[in-house]
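Asks: Structure for this input, please:
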Amino acid sequence: MKRVQAVVHSDKLSAVIDAMEKVGVGGVTVFQSRGRGKGQRRAIQSGRGTGVRVAEFTPLETLFAVVEDTKIEDVITAIKEAASTGSKGDGKIFISPVDETVDIGSKQRGDQSL
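Replies: This is a model prediction of the structure:
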């Protein structure tokens, strides 16, 4: 099993979740986050509209899911296609191994707990 963690722009969240569901991801956890990377940051006008400043952080969404090894490439492709605009700063995907999962309610372990 693998943990897939993706950081995407807030306006791409629904498309990413839909794409992940289509390739068989059963559950996703989402956090609101802020980040600062290589991408261009947005300009913010002051309260009276007389000044402009660059935002220190970009509003983002961080989501993660644990998926079976056989689905990992499909999940990565789905996220990339749903979140990409073709420019720097579209987000990141992190993949890490998961040794074990346990469903607390059903007490099932491993792939059955997903």
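Asks: give me the low-pLDDT residue ranges for this structure?
Replies: Along the chain, segments meeting pLDDT under 70 span 38-49, 52-53, 55.
Asks: hmm, 90 instead?
Replies: Applying pLDDT under 90 to the chain picks out residues 26, 33-59, 85-90, 101, 103, 110-114.
Asks: Would you map the helices across it?
Replies: Using DSSP state H, the helices of the chain run over 13-22, 72-83.
Asks: Dump these into TSV; add distance to residue 54 and mean neighbour count as well.
Replies: (Each C-beta comes from the backbone N, C-alpha and C, glycine too.) TSV is the format used below for the helices of the chain (distance: least, C-beta to C-beta, whole Å; neighbours: other C-beta atoms under 10 Å):
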stretch	distance to residue 54	mean neighbour count
helix 13-22	23	17
helix 72-83	23	17
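Asks: Would you tell me which of those gets closest to residue 36?
Replies: Set against residue 36 and scored by C-beta to C-beta, these come closest in helix 72-83, at 17.7 Å.
Asks: thinking again about what came up before, do you know which of the helices of the chain lies nearest residue 103?
Replies: Here helix 13-22 is closest among the helices of the chain (C-beta to C-beta), at 19.1 Å.
Asks: how big is the angle separating that closest one from helix 72-83?
Replies: 150 degrees (axes from the mean of the first three to the mean of the last three C-alpha atoms, to 10 degrees).
Asks: Show me what helix 13-22 is in contact with.
Replies: 6, 8, 28, 30, 61, 63, 65, 75, 78-79, 81-83 (C-beta atoms under 8 Å, 6 or more residues apart in numbering).
Asks: What is the neighbour count of residue 94?
Replies: When neighbours are defined as other C-beta atoms under 10 Å, residue 94 has 11 of them.
Asks: Who are the contact partners of the closest residue to it other than its chain neighbours?
Replies: Leaving aside its sequence neighbours, residue 94 sits nearest to residue 5 (C-beta to C-beta, 6 or more residues apart in numbering; 4.4 Å). By C-beta under 8 Å, 6+ apart, the contact set of residue 5 is 62-64, 93-96.
Asks: ok, what's across the strand from residue 5?
Replies: residue 64, residue 94 (DSSP bridges).
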